[in-house]
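J.: coords please:
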Amino acid sequence: MAAQQTPRGSGGWLLVLFGLLLVVIGAPLVYGGVQLIGLGGSWYYALAGLGVIASGILYVMRRRAGLWLYGLVFLATIAWALWESGLEFWPLIPRLVAPAVIAIPALLLAPLFPTRTGKRAPFALAGLLVAALVATAFYGFTPHGIISNTLASAEPKPSVPPAAASATDWRHYGRTPAGTRYAPIDQINRDNVDKLEVAWTFQSGDIPSGTAQDQNTPLFVNDTLYTCSPNNIVHALNPDTGEVKWKFDPKAKSPLWQRCRGVSYYEPASAPSEANAASADPLAPASVVASTPDMPAAAASCAARIVMTTIDARLIQLDAKTGELCQDFGNGGIVDLKSGMGEIKDGFYFQTSAPTVARDLIMVGGWVWDNVETGEPSGAVRAFNALTGELVWAWDLGNPAITKLPPEGESYTRGTPNVWSTPAYDEALGLVYLPTGNATPDFFGAHRSKAAEDYTASVVALDIATGRERWKFQTVHHDIWDYDVPAQPALYDVPDGKGGTVPALIQITKRGQIFMLDRRDGKPIAEVEERAVPQTGGVPEDFLSPTQPYSVGMPAIGAEPFAEAKMWGATPYDQLYCRIEFKKMRYEGEFTPPGLTRSIIFPGYYGGMNWGSAAIDEARGLLIVNDIRMPQFAQLMPREETDNYGGSAAHDGLSQQKGTPYGALKNGFMSPLGVPCHQPPYGTFTGIDLKTRQIAWQVPAGTLQDTGPLGMKTGLQIPIGMPTLGGPIATSGGLVFYAGTQDYYLRALDVETGNELWKGRLPVGAQSTPMTFVSHESGTQYVVISAGGARQSPDRGDYIVAYRLPRQN
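T.: Modelled structure (predicted):
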């Protein structure tokens, strides 16, 4: 019996249109695929494109073979996708979703071919594909890539008794000088956190614009909340209502990089606080007066003091009760931090992190404008008398003979690694631990001194009494990737495997490496080994370290090797673009050196981990970190080309690097749609068991709700895992609080599993670290976050939002 014929013209035009569409779809795949083959990349795109074009031509000819050919291309695509990505959800999306969508009309048009064999089979297959796509869409709203292991000890050990006022305060940037960001408070816990509600919202009036960012973590001391906005405006707030007690505006000015991560608190031992003097911090000195017998008595008007630095390099003390300048400190309450620094061009040196206060000393480092030129202001760290503002000691790594001010007419050694982040302090050992940056510029280092080479990207322990070095540990040798140590170290005693503990310093890094050192002498507790790294592709004027340190005794976070198969995109086209660009660039693994052609930096110079630091659940021995997984590229530009460009970018863009033979062009490795070229997640939360030194859990961080391709908000709570800034905190209620995702939420996670237990919508995004405390007046626990806008979002604000449990009637 002859096959049934479809009359010419009855729907045949649909086959022609669809065939032409297939040709249009396939042509870019062939064009880009041939380029990719020429670069030594995958043959899939060119072959698939040819198959799609051939299928389209057959559809135009109204031949059923077009359907069969597309079916073969689709099946081959599935096989290729599984071969490259396995069963990982997000890597399969750009490989399979678009071909599956195209397969649906290809099947539905089957009855229009001149020779028909029935509708049932193609319609059934089309229905299966529709169902699979719907299921995939729903499945996209669940987290993927989760790691879940069993904690060595899930039962918390006793922690600091919450009766002490210091246990319910937040007196330091990291809650204590140890920087663990752990609050022994459990009024809000895993059982009731889902009931959290907004208690009050405060607006500072200082909305960040340009390069300004709100990255503030407030302090809570003596029943007052102290906040600092990007331009260093300080507000003292009632913790139960958010009402302003006082405001201080230093009228600070900077042409760029306006931010205030925090203020500090100082209370002389001779002036007890309103809380019982016995409630002093566990790491606060037992008797500072005994160690400094010549210390003058605190003025009655400044019995307790707020200590702050500014974006124009001033150190300021305020009366904690009134906000007035402490006139007995420095020059009317102000110390000029530019003193001894030599020439400082506008915007080249100031402070962004909170000063460190301990043993009647105020210690400050400084931020410098990266990558503009050699010989930028010194990375010297200085300690000032906390009552008078007098300089007590200085640590100038380039000239250890300078212990206070440099000789007249000289300055602290210029161009040395700086300390722009926050140090940690151990009272028992009398040591302060400095995380150092690198000598500018970041991407060329032949000019650096031996001292700069020895101290770049390091942790340095100083004797707090003298400012003299006790030990140092370097995390990167000859850093030309901007891998400065960005985060406050965390001090915690870890099990020694013999029933005792070892005093540890845990340092997170931009590389995703986590170093665990004995804080007494800087020797690794977790094994560190030197590994060979790439040695080709750099410029002849510079040199490379043959090896780099790897903390093999601790998990590395987000540091998996980069590869063409890990390229991603919202569609096959931008994925193909990313693969082509990847193959054009140099990448031999981590530490591929910058050169005259573009090279990949991964982990990128934003991290890994960054300035938000880590949290440690001290009761459970669990380290909590958040990370960024966004590759960057770098390319050195000859001096003449750089000089013709003009301008200089501190981070992304073209930096002048004056004084060297090359400028540096660097940026994020993104697709034309503004999507990172690396497959998700782009950021995670991770819990690490400090007993086993293994990952206990890992979950993606944040959703696409407030971002998307081309910067458009998707409104979809798809937990793809977004880049993170700011840091986490942990509480004895079994919770981790975090807000620095790209969507506008403060989240509470189960500290033992990483499961999200609650999230509260914020007016705008946040990139600061939250904090928590218990009000002395009401006995209520609050969780507070400063929300001024997520890093990549245009939405900006000036909000301080406080959450609490509903009040009982």
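J.: what sits against residue 379?
T.: 365-366, 368, 397, 416-419, 436-437, 439 (CB atoms under 8 Å, 6 or more residues apart in numbering). Any C-beta I mention is one placed from the backbone N, CA and C, and that applies to glycine too.
J.: So what does residue 144 look like in phi/psi?
T.: phi -130, psi 160 (degrees, to the nearest 10).
J.: Show me the strands in the stretch 701-809 of the chain, by range?
T.: Listed in chain order, the strands of the stretch 701-809 of the chain (DSSP state E, counting those that start in this stretch) span residues 729-731, 735-738, 745-750, 756-761, 771-774, 781-787, 799-804.
J.: What is the last one packed up against?
T.: This means strand 799-804. Secondary-structure packing of strand 799-804 (3 or more CB pairs under 8 Å, 6 or more residues apart in numbering; DSSP states H and E): strand 197-203, strand 781-787.
J.: same check, this time on the fourth one
T.: Identification of packing neighbours for strand 756-761 by 3+ CB pairs under 8 Å, 6+ apart yields strand 745-750.
J.: Tell me the strands beside the strand it packs on, with direction?
T.: strand 735-738 (antiparallel), strand 756-761 (antiparallel) (DSSP bridges).
J.: most tightly surrounded among those?
T.: Of all the strands paired with strand 745-750, strand 735-738 carries the top mean neighbour count, a mean of 27, counting by mean count of other CB atoms under 10 Å.
J.: Which residues outside that one are in contact with it?
T.: Contacts for strand 735-738 (CB under 8 Å, 6+ apart): 188-190, 193, 615, 617, 624, 626, 685, 687, 701, 724, 726-731, 746-751, 754, 757, 770, 772, 783, 785.
J.: now stretch 531-550
T.: By CB under 8 Å, 6+ apart, stretch 531-550 touches 444-446, 474-478, 480, 513, 515, 528-530, 556, 586, 588-597, 599, 636, 660-662.
J.: Tell me how far residue 741 lies from residue 630.
T.: Applying CB to CB, to the nearest Å, the value for residue 741 to residue 630 is 14 Å.
J.: neighbour count winner among those two?
T.: Neighbour totals were compared for residue 741 and residue 630, and residue 741 leads with 31 against 23 (other CB atoms under 10 Å).
J.: can you map out the helices along the chain?
T.: In the chain, the helices defined using DSSP state H lie at 12-38, 44-60, 65-85, 89-108, 120-139, 165-168, 288-291, 450-455, 572-584, 639-645.
J.: could you redo the strands of the stretch 701-809 of the chain as TSV and give each row distance to residue 407 and mean pLDDT?
T.: Formatted as TSV, those follow (distance: least, CB to CB, whole Å; pLDDT from 0 to 100):
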stretch	distance to residue 407	mean pLDDT
strand 729-731	45	99
strand 735-738	48	99
strand 745-750	51	99
strand 756-761	55	98
strand 771-774	43	98
strand 781-787	42	99
strand 799-804	46	99
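J.: Quick check: pLDDT value at residue 116.
T.: Here, the pLDDT recorded for residue 116 equals 66.
J.: My error: substitute residue 709 in the last question.
T.: Residue-level pLDDT assigned to residue 709 equals 89.
J.: got a list of what it touches?
T.: Counted by CB under 8 Å, 6+ apart, residue 709 has contacts 570, 673-675.
J.: Using TSV, lay out those together with neighbour count.
T.: As requested, the contacts of residue 709 are arranged in TSV below (neighbours: other CB atoms under 10 Å):
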residue	neighbour count
570	18
673	16
674	16
675	22
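J.: which one among those residues gets closest to residue 312?
T.: Here the nearest of those to residue 312, counting by CB to CB, is residue 674; it sits at 34.4 Å.
J.: for the closest one, what are its contacts?
T.: Taking CB under 8 Å, 6+ apart, one finds 709-711 in contact with residue 674.
J.: Go again with 10 Å.
T.: 570, 574, 668, 707-712, 792 (CB atoms under 10 Å, 6 or more residues apart in numbering).
J.: out of those, who's nearest residue 805?
T.: residue 707 (30.9 Å).
J.: Could you report the neighbour count for the residue nearest to the closest one when sequence neighbours are not counted?
T.: Leaving aside its chain neighbours, residue 707 sits nearest to residue 742 (4.9 Å; criterion: CB to CB, 6 or more residues apart in numbering). The burial count assigned to residue 742 is 27, neighbours taken as other CB under 10 Å.
J.: which among the contacts of stretch 531-550 end up buried?
T.: 444-445, 474-478, 480, 513, 515, 528, 556, 586, 588, 590-595, 599, 636, 660-662 (16 or more other CB atoms under 10 Å).
J.: Next step: those residues restricted to strands.
T.: If you go by DSSP state E, the buried ones among the contacts of stretch 531-550 have 474, 515, 599, 636, 662 in strands.
J.: For the second one, list each beta-bridge partner.
T.: Think residue 515. Residues in a beta bridge with residue 515, per DSSP bridges, are residue 507.
J.: Check the last one too.
T.: For residue 662, the residues forming beta bridges with it (DSSP bridges) are residue 638.
J.: Do you know the pLDDT at it?
T.: 97.
J.: ditto for the first one
T.: At residue 474, the model reports a pLDDT of 99.
J.: if I pick residue 721, what's in contact with it?
T.: 90, 143-145, 627, 629, 680-685, 698-704, 741-742.
J.: er, residue 434 I mean
T.: So residue 434 contacts 356, 363, 365, 379, 381, 395, 397, 417-419, 421-424, 455, 458-462, 469, 472, 485, 489 (CB under 10 Å, 6+ apart).
J.: and if you look at residue 597?
T.: For residue 597, the contacting residues are 537, 584-586, 635-636, by CB under 10 Å, 6+ apart.
J.: give me the number of residues near residue 141?
T.: With other CB under 10 Å as criterion, residue 141 counts 11.
J.: where do the strands sit along the stretch 401-550 of the chain?
T.: With DSSP E, counting those that start in this stretch as the criterion, the stretch 401-550 of the chain has strands spanning 424-426, 431-435, 458-463, 469-474, 490-495, 501-508, 514-518, 529-532, 547-550.
J.: Now tabulate those in TSV and tack on distance to residue 111.
T.: Converted to TSV, the strands of the stretch 401-550 of the chain look like this (distance: least, CB to CB, whole Å):
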stretch	distance to residue 111
strand 424-426	72
strand 431-435	68
strand 458-463	71
strand 469-474	70
strand 490-495	66
strand 501-508	61
strand 514-518	61
strand 529-532	62
strand 547-550	61
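J.: Just the buried ones from the contacts of residue 434, in PyMOL syntax?
T.: Here is the PyMOL command that selects the buried residues among the contacts of residue 434 (16+ other CB under 10 Å):
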select buried, resi 356+363+365+379+381+395+397+417+418+419+421+422+423+424+455+458+459+460+461+462+472+485+489
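J.: ok, now which ones touch the closest residue to residue 40 other than its chain neighbours?
T.: Leaving aside its sequence neighbours, residue 40 sits nearest to residue 583 (CB to CB, 6+ apart; 6.2 Å). Counting by CB under 10 Å, 6+ apart, residue 583 touches 35-42, 564, 567.
J.: Most widely separated two among these?
T.: 38 and 567, at 16.6 Å, using CB to CB across the contacts of residue 583.
J.: Let me see the contact set for the residue lying closest to residue 715 once chain neighbours are set aside.
T.: Closest residue in space to residue 715, ignoring its immediate chain neighbours: residue 705 at 6.0 Å, by CB to CB, 6+ apart. Residue 705 sits next to 713-719, 722, 741-745, 761 when contact means CB under 10 Å, 6+ apart.
J.: which among those residues end up buried?
T.: Applying 16+ other CB under 10 Å to the contacts of residue 705, the neighbour count classes 718-719, 722, 741-745 as buried.
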